[in-house]
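S.K.: Provided below are the primary sequence and the corresponding predicted coordinates.
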Amino acid sequence: MFGLGLDAGHEVAVLPETVLRLPGAGVVFVTGPSGGGKSTLLRCLHETLRGRFPGVSVFRFDPLVGGRDKTADRPLIDALSTPTLEDALRLLSMAGLNDAFVMLRRPGELSDGQRARFALAEAMAKVERSTAEQKKEDATDADGPRAVVLADEFGAALDRVTAKVVARNVAKWARRSGVCLVAATTHDDLLEALRPEVLVEQGLGGRIAVHTRDTAEATAS
């Protein structure tokens, strides 16, 4: 009825064939408009790393839903799964939750932005616990990442000033901890704060460009 033939079709490559080199420690920043395929890229990375690189620990982090399942009737400083109080204070501070009154709130009492930051602090706690418990010295190439955090909609639930502060803190944490952070968001204003080793620009219609800095790398394709 609209003059379109049902037998006529065309293919759209949401994610074209791409070679992406992950730094052993550092940041991969994936940016582009909504619908450009950023979440698809993260899903493909997850499947590739879990299937071809079993020695690499992979963690998924979605700040838009993270932390909502936290029902423990405990303040944040106790609810965070860290071995020591010092570690809890350190991670909450990096996630922008260093106010003493906020630390004493329970997860269910947080705003959406605070809940996203608490989920980020807990994700970092899980990564640190996993890398401390499981040393994978012989499981993967020495120059490649041993832990990868896939963060979709990174900083999306935060105001832009807070997002930049948290992004800078998390980028420093990733490099110090030997972690590869893959952060995907439509907000390209985080580029300066993250200072990524790899920049992935995705556009509508399957367009993708990968820019890298000189660094020790491992390949996932």
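M.R.: In hand now; what should we look at?

S.K.: quick one: contacts for the most centrally placed residue in the chain?
M.R.: Computing the C-alpha centroid of the chain and ranking residues by Cα atoms, centre = their mean puts Ala151 first, at 2.1 Å. Taking Cβ atoms under 8 Å, 6 or more residues apart in numbering as the criterion, Ala151 is in contact with Phe61, Asp62, Pro63, Leu120, Ala123, Leu181, Val182, Ala183, Ala184. No exception for glycine: its C-beta is placed from N, CA and C like everyone else's.

S.K.: repeat that for 6 Å
M.R.: Counting by Cβ atoms under 6 Å, 6 or more residues apart in numbering, Ala151 makes contact with Phe61, Ala183.

S.K.: helices along the chain, start to end?
M.R.: 38-52, 76-79, 85-94, 100-103, 112-133, 160-177, 191-194 (DSSP state H).

S.K.: what comes into contact with the last one?
M.R.: Taking Cβ under 6 Å, 6+ apart as the criterion, the residues outside helix 191-194 that touch it are Val27, Phe29, Lys164, Ala167, Arg168, Ala171.

S.K.: buried ones in it, by neighbour count?
M.R.: Across helix 191-194, burial judged by 16 or more other Cβ atoms under 10 Å covers Ala193, Leu194.

S.K.: where are the low-confidence patches of this structure?
M.R.: Residue ranges of the chain with pLDDT under 70: 1-14, 63-72, 134-143, 205, 214-221.

S.K.: the nearest residue to Thr185 once chain neighbours are set aside: neighbour count?
M.R.: In space, and not counting its chain neighbours, Thr185 is closest to Phe154: 4.7 Å by Cβ to Cβ, 6 or more residues apart in numbering. Other residues lying near Phe154 total 31 when counted by other Cβ atoms under 10 Å.

S.K.: just give me the neighbour total for Phe59.
M.R.: Applying other Cβ under 10 Å, we find 17 residues neighbouring Phe59.

S.K.: report the contact partners of it.
M.R.: Counting by Cβ under 6 Å, 6+ apart, Phe59 has contacts Val127, Val149.

S.K.: please redo it, this time with the cut-off set to 10 Å
M.R.: 46, 123-124, 126-127, 130, 147-151, 179, 181 (Cβ atoms under 10 Å, 6 or more residues apart in numbering).

S.K.: related to what we said a few turns ago, any chance of the contacts of helix 191-194 in TSV, plus distance to Asp87 and neighbour count?
M.R.: Below are the contacts of helix 191-194 laid out as TSV (distance: Cβ to Cβ, whole Å; neighbours: other Cβ atoms under 10 Å):
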residue	distance to Asp87	neighbour count
Val27	22	27
Phe29	27	25
Lys164	24	19
Ala167	21	26
Arg168	20	16
Ala171	19	21
